[in-house]
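In: Please work out how this folds:
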Amino acid sequence: MRRLAVLIFLIFAASLFANPVVPVLSSRYTGDEQLLQAIKDLKAEIALFRLEIAQLRTGPKQVVPLPVPINFNQLVGNRCAGCHGEAVAEEKGAGFVMLLKDGTTPEFSVREKARILREVKAERMPKGKPPLSEVELSVIGKYLFPE
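Out: Numbers count the residues shown, from 1 in each chain. Below is the predicted model:
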């Protein structure tokens with residue numbers, strides 16, 4: 001009986017050491033919120049790098065380039081505001097506002113920035129319209145993630 005108890009204890013102890021608990025990555029961790037935000041930011045950056053790598057593997061898409069240089073607000077006004085303008089976002093854009101009524105853009109979280117870039121690079125946005133050109137993607141990338 002004693003040997004069985006020792007064996008059970010050893011198996012239990014070995015399982016503890018084989019799978020250490022990392023509280024920083026646990027969803028129940030409530031300590032340093034800045035550390036958790038930094039982890040979320042890193043995950044968003046990793047997702048962006050994966051998208052860029054995937055795009056490099058498949059090569060650039062053939063799209064019509066823009067005739068004139070534009071800024072982010074103009075681009076959002078021309079290509080995104082039809083669904084993501086403040087007046088129509090609830091109805092057409094799933095509530096996601098990219099252009100305010102005064103013609104400016106709201107402050108985006110890192111997660112929102114990553115999602116915007118991911119959706120346009122994967123050509124899921126703008127829905128039902130031609131994909132963004134390399135120039136337009138560059139404008140979005142430089143605005144959302146300045147160096």
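
In: you'd agree G95 is up against A89?
Out: Yes - the pair formed by G95 and A89 meets the contact definition of CB atoms under 8 Å, at 5.7 Å. C-beta: built from backbone N, CA, C; applies to glycine.

In: So between these two, which is more surrounded?
Out: Between G95 and A89, counted using other CB atoms under 10 Å, A89 has the larger neighbour count: 18 against 9.

In: Show the contacting residues for that one.
Out: If you count contacts by CB atoms under 8 Å, 6 or more residues apart in numbering, A89 has them with C83, G95, F96, V97, M98.

In: what would the residues you listed look like in TSV with secondary structure and pLDDT?
Out: Output for the contacts of A89, formatted as TSV (DSSP: H, G, I helix; E, B strand; the rest coil; pLDDT from 0 to 100):
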residue	secondary structure	pLDDT
C83	helix	91
G95	coil	87
F96	coil	90
V97	coil	91
M98	coil	91
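
In: So which of these wins on neighbours?
Out: Note: the member of these with the most neighbours is M98, at 24 neighbours, neighbours being other CB under 10 Å.

In: And the residue lying closest to it once chain neighbours are set aside, how far from E90?
Out: Across the structure, with CB to CB, 6 or more residues apart in numbering as the measure, the residue nearest M98 apart from its sequence neighbours is H84 (3.9 Å). Distance of H84 to E90, given as CB to CB, to the nearest Å: 11 Å.

In: Which of the two has more residues huddled nearby?
Out: Comparing H84 with E90 by neighbour count (other CB under 10 Å), the higher total belongs to H84, at 22 against 11.
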